[in-house]
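Asks: quick one: sequence plus predicted model below, questions after.
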Amino acid sequence: MNRQGAGVSQIFVYIITLVTFALIMIFGIKAILGFIQDAQKIEFIQFKSDLENSVEQLRSEFGAVRKEEFLAPGIFHQICFIDLDYVPSPEEAAALCQLNQVACQVWKESSGFETEEENVFLTPPAEARLKVSKISLEQGFLCVPIRQGKFSLILEGQGDGTKVRGLS
């Protein structure tokens, strides 16, 4: 009878061990996923800060021209900028609509820089809104592909804003 009791207790120990291991794995995976999400949020915040600071810094440096390279989180494959004070022609609006529907809608409905909460749009859309200081663009908007998490812009200080151009 002792052998039978020992066998039952041994099975009970295995079951408890398996349940404990499964719980540790579940909580471990949840913790790892949380760390990954936090890292992605930090990466986006760093990107947003770098972009805003670069545009703002050149705003008041009249005539200064710089080529800036930005590192965007890997999930994004395009960035679009719109000049909120520029009134688009129907053709310009249609061209932007082909590239980014959200930016197109904001641009069409904009009453100017002061009235809108964003002037930079990512594809796929970012969770947070992006608004850099006043910008001007040659055709009212600029969409730049993001390749391997990188894109470059030419920024030119205009005293009261920053002119943004893509690289040809």
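Replies: Noted; the coordinates are in hand.

Asks: all contacts plus neighbour counts: C-alpha atoms, from now on.
Replies: Fine.

Asks: so how far is the single longest helix found in the chain from its chain's centroid?
Replies: For the chain, the helix with the greatest residue count under DSSP state H is helix 2-59. Put simply, helix 2-59 sits 23 Å off its chain's centre (CA atoms, centre = their mean, to the nearest Å).

Asks: helix or strand right after it?
Replies: On the C-terminal side of helix 2-59, the nearest following helix or strand under DSSP states H and E is strand 65-71.

Asks: next, the angle helix 2-59 makes with that next one.
Replies: Angle, strand 65-71 to helix 2-59, by axes from the mean of the first three to the mean of the last three CA atoms, to 10 degrees: 170 degrees.

Asks: now do strand 65-71: which elements does it pack against?
Replies: helix 2-59, strand 150-157 (3 or more CA pairs under 8 Å, 6 or more residues apart in numbering; DSSP states H and E).

Asks: helix or strand right after it?
Replies: Trace forward from strand 65-71 with DSSP H and E and the next one is strand 78-82.

Asks: elements contacting that next one?
Replies: Using 3+ CA pairs under 8 Å, 6+ apart, strand 78-82 sits against helix 101-109, strand 120-123, strand 141-145.

Asks: nearest to residue 55, of these?
Replies: With CA to CA as the criterion, residue 55 lies closest to strand 120-123 of those, at 11.7 Å.

Asks: tell me the mean pLDDT for the closest one?
Replies: For strand 120-123, mean pLDDT is 95.

Asks: just how off-centre is it within its chain?
Replies: With CA atoms, centre = their mean, you get 7 Å for strand 120-123.
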